[in-house]
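In: 3D, please:
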Amino acid sequence: MDGHVSSSTIKEPPFAVPQNVNKNIQIILDLPPEMVHGLPYDFQVDVWSLGVMTYEMVTGYSPFYGDQSDVLENIKIFNGFDSVKDRLEAVCASGELLDFISRILVVDYSKRICIEDALKHPWIKLYN
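Out: Here you go, the predicted structure:
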């Protein structure tokens, strides 16, 4: 994997995307910064996607929004959890959930929580 992302490498997800969502935008909403910047990547990209999907399920919004070029630019300039924290607090997210997402939506993938630790997180244990 060379980390390069092009429109030909972005594949349709194996699940249904709601009819009112542009499928190309839905796919790129979950792209982690390392893929958008063309950097090498590993399984930590899946952890990033987990954080984005958790954020979307809780708030009803993506942390990145706009048309395809806007979404990619918003991911490129994403400066960490503080830039999306307000919307989570607006829906009265618990401290455990705030901590869980803050450990996942970390731009530097070497500092992002690993999946094993994510599965042991107190917020996950509440529902396990």
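In: can you give me the strands in the chain?
Out: Taking DSSP state E as the criterion, the chain carries no strands.
In: nearest residue to the middle of the protein?
Out: Of all residues in the chain, the one closest to the mean position by Cα atoms, centre = their mean is Val52, 2.8 Å from it.
In: how about that residue, what does it touch?
Out: Leu29, Asp30, Ser62, Pro63, Phe64, Leu105 (Cβ atoms under 8 Å, 6 or more residues apart in numbering). From N, CA and C alone the C-beta is placed, and that goes for glycine too.
In: how many residues are close by the fourth one?
Out: Pro63 sits with 20 neighbouring residues when counted by other Cβ atoms under 10 Å.
In: can you check the third one too?
Out: Residues within reach of Ser62, counting by other Cβ under 10 Å, total 19.
In: and the gap between it and Gly38?
Out: According to Cβ to Cβ, to the nearest Å, Ser62 stands 22 Å off from Gly38.
In: confirm for me that Val36 is in contact with Asn74.
Out: No - judged on Cβ atoms under 8 Å, Val36 makes no contact with Asn74 at a distance of 9.6 Å.
In: the closest residue in space to Tyr61 that isn't next to it in sequence and Thr59, how far apart?
Out: Nearest residue to Tyr61 in three dimensions, chain neighbours excluded: Arg87, at 6.3 Å (Cβ to Cβ, 6 or more residues apart in numbering). For Arg87, the distance to Thr59 equals 5 Å [Cβ to Cβ].
In: compute the number of surrounding residues for the nearest residue to Ser94 once chain neighbours are set aside.
Out: Sequence neighbours aside, Trp123 is the residue nearest to Ser94 in space, at 7.1 Å (criterion: Cβ to Cβ, 6+ apart). As a burial measure, Trp123 scores 19 neighbours (other Cβ under 10 Å).
In: next, the buried residues of the lengthiest helix in the chain.
Out: In the chain, with assignment by DSSP state H, the single longest helix is helix 44-59. Buried residues in helix 44-59, defined by neighbour count with 16 or more other Cβ atoms under 10 Å: Gln44, Val45, Val47, Trp48, Ser49, Leu50, Gly51, Val52, Thr54, Tyr55, Val58, Thr59.
In: right, I'll leave it there.
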